[in-house]
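J.: Would you be able to build a 3D model of this:
(chains A and B)
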Amino acid sequence: MSILVDDRTKVVVQGITGREGKIRTQLMKDYGTNIVGGVTPGKGGSEVYGVPVFDSVEEAWEKTGSVDISVVFVPAALVKEAALEAIAAGVKLVVIVPDRVPIFDVLEISSFARAHGASFVGPNTLGLVSPGKAVLGMIGGRAERAKEWFKPGNIGVSSRSGGMTSAISYYLTEAGLGQSTIIHVGGDAVVGLSHPEVMELFEQDEQTKLIVMFGEIGTSQEERVAGLIEAGKLTKPVIAYIGGKAAKSGTRFSHAGAIVEGTRGSYASKVERLTGAGVYVVDAISDIPLKAVELLEAVGGQK
Amino acid sequence: MARIYEFQSKKLLKEAGIRIPEGGVASSPEEARSIAAKIGKPVVLKIQVWVTGRAGLGGIKFADTPQEAKEKAASLLGMQVKNFIVEKILVEEKLDIAAEYFAGLVIDDAGKCPVLIFSSAGGTGIEEIARKNPEKISRISIDVGKGLKEYEVRNMIRKTGISGKLLTQLSRILTRLYKTAHTYDARFAEMNPLVLTKDGIVYAADCHFTVDDYAVFRHPELGIDVAREFDRPPTELERIAYQVEEKDYRGTFYFLQMEENISAEEKAIGFNGAGGGGSMMSMDAVLSRGFKLANYCDTSGNPSASKVYRAAKVILSQPNIKGYFASGSGVASQEQFHSARGLVKAFHEEKINIPAVIRLGGNFEEKAVEILEKYLKDIPGKIEAYGRDDSPEFCARRMEELIAENNYNSHAVALIKEPEIPPERYGFSTVTGKVWIDHKKCLNCLDKGCIQSCSAGILKLEDGKPILAVLEEEVKKGKCTECLACEVFCKFQAEDAIFIHLPIPGLKEYRDKIRGKD
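T.: This is a model prediction of the structure:
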């Protein structure tokens, strides 16, 4: 099955006429994502790569029947407005690609999404891929590359780093192991779907037999994944790598989310919690495919 | 999280209607004396630095008279506290304390909401209090969409055993704290302590705000010059780097100096990561081999070649580094050759004599590796280029081996010479720089590869000479992506007629200064 998106899911692109919006619409469309429309206020009636452009998400919904997902490519300062618009129109999943979205804007989107039964990925996400079915966002860069790097299979990948989402999935593909869905949850301190929420989706997904998680110092995401396992809500095997082993407390390393305050969110505390819950924590990315082969054989997944 | 000073935080509270002690900021002993005289009561003097536990560090003093305030101020100003030199002190009336409380606002990543916390037992050792006397601490999760009502705060504080006028006073203050924090996009805000005086009035005796980096643009009034969290004021080189980032929106250039004065004996390297997770993983790989990082840097999010060039120039402004290590996630979605060209230009100008290991994995990495290998073979330092199938651990080992082969030679920072361009030279401005073409040399050129190499297609030939094919205004607005392809092509495969000047304000002066120190 895969999670969140497949080849039938109807997708619109907000900010489709901008520089990134245009390029990534081509990537998504070439890959096979079912892009039904784009939205740029004031540019309704035009087209981008054969995709009709509308003035609002509501209009896109009316003209195309319904919209499942919106992928947002607008400047950071306008993200809140765009996300609220999509949710208000009835869209149930918003993928927020831009970086540098103010945290209070994210909290407001979160509050609105909760009230409307919607969810979001990001901000600051490279996106997600259900290999062989659809790409959302900009992961892979170009369709031919995304097709080459990611292959369908039984491993779910969830990562707080965009580059590492691709890297891990590529190394799995190289080892002959395909993926169900790969998702970059975003690098910020507060994100929509975070690791534990993604884990619950993978748990429900029949195609997913094994999960790989790229965690980082900072936030409570990895600790909450350990909590899910301890509560019996996550039973599939998990392999994890935690970045930031050598990072000092109180210093931020690139991702806004990757900051340790005191001992909370530290490398040691995450590794201890995860290991205690039975997660296989590896020291090098190159250990992931090796461990994955071993575990997949045990759970009877196909290569 | 950009921090602001206590006196700035208090100003925000005051504007919101929260009482703060009477006082002012002093930069000299005389100013401290005059503020104390105006207050006309015993005062407290507090150093304005971003560290906690100032009292234990000797940063808080009391004075009964203006003269005493002046003397105490003289001992505080100029003192070194951790990474700070004290430049400002806050002089305030000394409160007559009856009780102390704590109020704080944090953002809960699990609940995706702000959480307001109140303690009726003060804030010192709040975790300890939470364990031993949980009834003295109360908290509320706030729905940002709905906002926070005063009655909700009243119900929260009530649970800690506070009642009467004090309850209404505190409820109003905490409601206003949340509003202020929201207005100024605070990532974190606390009043510790909140002081109840003997005459029954509550004051925010101390207060700290940190502002969300990503929202600093909404608050020019806060005067935050480098919107990044530091546990110290930014270094001069960090300020220079930040200017580059601020003026160029294409991609990210995050630069953090880990150590300012590296000695020739240290095994330190210049670090250029790409992507948050990939940078951290690469950092872990080099640190596990016993290296120190002179700096941490992340050039990602599809930066222009010119931005990567500037990042390399900034990194190479650190004397005594033994090598240059660049590595990202390994499978980047962005085209990798832009970064390669930026590094080629920088390394050539610098003529570096230290080794570099460059791991540019991802889209078009083959082209990136080819550019690095082809054009950097003749510089003094040995350069090795790798892609996605070479692990960061392997690259870190190569870095170590190359540094040993190079006899642990230290990097010497070169002077920057601003180019002298003859007035008749053909040139045009780009987003952040200027392209100069020496048309006399173009006459000897047969293949005119600059035209083909320009991915934006802004050049055309006229009488055998490359000139702009589009309007200069469009070029300046971003039509020229500063991919540096024309310069790199011309320099290595043609007549070396093109020079792209990409100034970095302040870097020349900075280098002059650090070289003067040697």
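
J.: Quick one: residues in contact with the one helix or strand B:Cys450 maps to.
T.: Take DSSP states H and E as the rule and B:Cys450 turns out to sit in helix B:449-453. Residues outside helix B:449-453 that contact it (Cβ atoms under 8 Å, 6 or more residues apart in numbering or on different chains) are B:Leu459, B:Lys460, B:Leu461, B:Pro466, B:Ala485, B:Cys486, B:Val488, B:Phe489, B:Cys490, B:Gln493, B:Ala494, B:Ile498. (Each C-beta comes from the backbone N, C-alpha and C, glycine too.)

J.: Looking at the residues you listed, which is nearest chain A?
T.: Nearest to chain A, judged by Cβ to the nearest Cβ, of the contacts of helix B:449-453 is B:Ala485 at 18.6 Å.

J.: Run the chain-centre distance for stretch B:314-328.
T.: Chain-centre distance of stretch B:314-328: 18 Å, with Cα atoms, centre = their mean, to the nearest Å.

J.: mind checking the end-to-end distance for that stretch?
T.: Using Cα to Cα, to the nearest Å, one end of stretch B:314-328 lies 18 Å from the other.

J.: And the average pLDDT for it is what?
T.: Stretch B:314-328 comes out with an average pLDDT of 96.

J.: Toward the C-terminus from the helix or strand bottoming out on mean pLDDT in chain B, list the very next helix or strand.
T.: None of the helices or strands of chain B scores lower by mean pLDDT, DSSP states H and E than helix B:126-132, at a mean of 79. Next helix or strand after helix B:126-132 toward the C-terminus (DSSP H and E): strand B:137-141.

J.: tell me what that following strand is packed against?
T.: Here strand B:137-141 touches strand B:113-119, helix B:126-132, helix B:150-158, going by 3 or more Cβ pairs under 8 Å, 6 or more residues apart in numbering or on different chains; DSSP states H and E.

J.: What helices and strands are in contact with the second one?
T.: Using 3+ Cβ pairs under 8 Å, 6+ apart as the contact test, the elements touching helix B:126-132 are strand B:113-119, strand B:137-141.

J.: Dump the shortest one to PDB, restricted to CA.
T.: The C-alpha trace of strand B:137-141 is given here as PDB (Å, rounded to 0.1, in the frame of the first residue of the first chain):
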ATOM      1  CA  ILE B 137       3.700  23.900  39.900                       C
ATOM      2  CA  SER B 138       0.900  24.300  37.300                       C
ATOM      3  CA  ARG B 139       0.900  24.400  33.600                       C
ATOM      4  CA  ILE B 140      -1.400  25.000  30.700                       C
ATOM      5  CA  SER B 141      -1.100  24.100  27.000                       C
END
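
J.: Tell me which residues are up against it.
T.: Taking Cβ under 8 Å, 6+ apart as the rule, strand B:137-141 contacts B:108, B:111, B:113-121, B:126, B:129-130, B:148, B:152-153, B:156-157, B:159-160.

J.: circling back to that earlier point, going by neighbour count, list what's buried in the least confident helix or strand of chain B.
T.: B:Ile126, B:Ile129 (16 or more other Cβ atoms under 10 Å in any protein chain shown).

J.: what residues does that helix touch?
T.: Under the criterion Cβ under 8 Å, 6+ apart, residues B:Phe102, B:Ile117, B:Ser119, B:Ala121, B:Gly122, B:Lys136, B:Ile137 lie in contact with helix B:126-132.

J.: Could you rerun that using 6 Å?
T.: Residues outside helix B:126-132 that contact it (Cβ atoms under 6 Å, 6 or more residues apart in numbering or on different chains): B:Ser119, B:Ala121, B:Lys136, B:Ile137.
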